[in-house]
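Trainee: next comes the sequence, and after it the predicted model I'd like to discuss.
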Amino acid sequence: MTIGTLRPEEVAKYLKDHPEFFEQYAELLSGIHVPHPYGGHAIPLAERQVLGLRERSRALEGKLRELVQFGEENDTISDRVHRISLALLAAPDLAGVLQALDTGLREDFAVPEVALRLWPGQSDAKRPELEPVSEEARVFADSLAGPYFADRPMFESAEWFGVGGEVLRSFAYVALRAGRPLGVLAMASPEPDRFTAEMGTLYVARLGELAGTALRRHLPD
């Protein structure tokens, strides 16, 4: 086989299989020049290897910064969930649970609009959370296996919020359960990207579980 018939992959395989080649011909390493990755001029092979190592180092540093940032963000969210959990545990009655949940979501998580409905509703209820809802809204909420995000209010839920539903652009719905369906937690924002399907659902789902468990203690069977 002549040099002219060697394929690049055959050369690469030979060098990989025979690392002692560069020990026997060490002078080749200092004499080989390759194109600069960011320019047209040639540079020594050793310098090109150093540039490659620097690029990998920068990439790893970037990933490390992202991991640190994600970790700090998760710690912050965990602290907020913990505060809400303590407030829910300390609430002495239904009104206290509802207040703790509303305050925690608005102040710790900066949720602009929070609404909640529990069933079975009571026509003479003094609290809006206990007012009846349509059968469609109840079936929708009971069917949720996880947080649901939308760019429009589901059924009559636009009427649940303190502002006009027409100014709200993104919505999140979480079913409240504790052995049985209890109701639904609804959150909304005028920002279209505040609640989207791309956002993480872990903490939103846990908030629903915490709220459902806390509410169950103060609701009739």
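Mentor: Received the coordinates, thanks. Numbers count the residues shown, from 1 in each chain.
Trainee: alpha carbons only: can I get the helix or strand where residue 176 lies in PDB?
Mentor: If you go by DSSP states H and E, residue 176 is part of strand 170-177. Output of strand 170-177 as PDB, limited to C-alpha atoms (Å, rounded to 0.1, in the frame of the first residue of the first chain):
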ATOM      1  CA  SER A 170     -51.200  33.400  31.300                       C
ATOM      2  CA  PHE A 171     -52.800  31.000  33.700                       C
ATOM      3  CA  ALA A 172     -51.800  28.000  35.800                       C
ATOM      4  CA  TYR A 173     -54.300  25.500  37.400                       C
ATOM      5  CA  VAL A 174     -53.400  23.000  40.100                       C
ATOM      6  CA  ALA A 175     -55.900  20.400  41.400                       C
ATOM      7  CA  LEU A 176     -56.200  20.200  45.200                       C
ATOM      8  CA  ARG A 177     -56.500  16.700  46.500                       C
END
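Trainee: how far is it from where the chain is centred?
Mentor: On the basis of C-alpha atoms, centre = their mean, to the nearest Å, strand 170-177 sits 16 Å off its chain's mean C-alpha point.
Trainee: next one: the helix or strand following that strand to chain centre, how far?
Mentor: For strand 170-177, the succeeding helix or strand toward the C-terminus, using DSSP H and E, is strand 181-189. Relative to its chain's centre, strand 181-189 lies at 19 Å (C-alpha atoms, centre = their mean).
Trainee: quick one, domains of this structure?
Mentor: Per automatic domain parsing, the domain ranges recorded for the chain read 7-79, 91-216.
Trainee: comparing these, which comes out most buried?
Mentor: domain 91-216 (a mean of 17; mean count of other C-beta atoms under 10 Å). For every residue, glycine as well, the C-beta is placed using N, CA and C.
Trainee: in the chain, which spans are helices?
Mentor: 8-17, 21-24, 27-31, 45-90, 94-103, 135-142, 202-216 (DSSP state H).
Trainee: redo these as CSV? Include mean pLDDT and distance to residue 159.
Mentor: Shown next, in CSV, are the helices of the chain (pLDDT from 0 to 100; distance: least, C-beta to C-beta, whole Å):
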stretch, mean pLDDT, distance to residue 159
helix 8-17, 82, 69
helix 21-24, 72, 77
helix 27-31, 65, 76
helix 45-90, 83, 26
helix 94-103, 96, 17
helix 135-142, 95, 10
helix 202-216, 93, 21
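Trainee: let's have those helices in CSV, adding distance to residue 152.
Mentor: Below are the helices of the chain laid out as CSV (distance: least, C-beta to C-beta, whole Å):
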stretch, distance to residue 152
helix 8-17, 56
helix 21-24, 66
helix 27-31, 65
helix 45-90, 27
helix 94-103, 23
helix 135-142, 13
helix 202-216, 19
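Trainee: quick one, which of the ones you listed gets closest to residue 166.
Mentor: Across these, residue 166 has its closest neighbour in helix 135-142 (18.6 Å, C-beta to C-beta).
Trainee: centre of the chain versus the closest one, how much separation?
Mentor: Taking the mean of its C-alpha atoms, helix 135-142 sits 26 Å from the chain's own mean (C-alpha atoms, centre = their mean).
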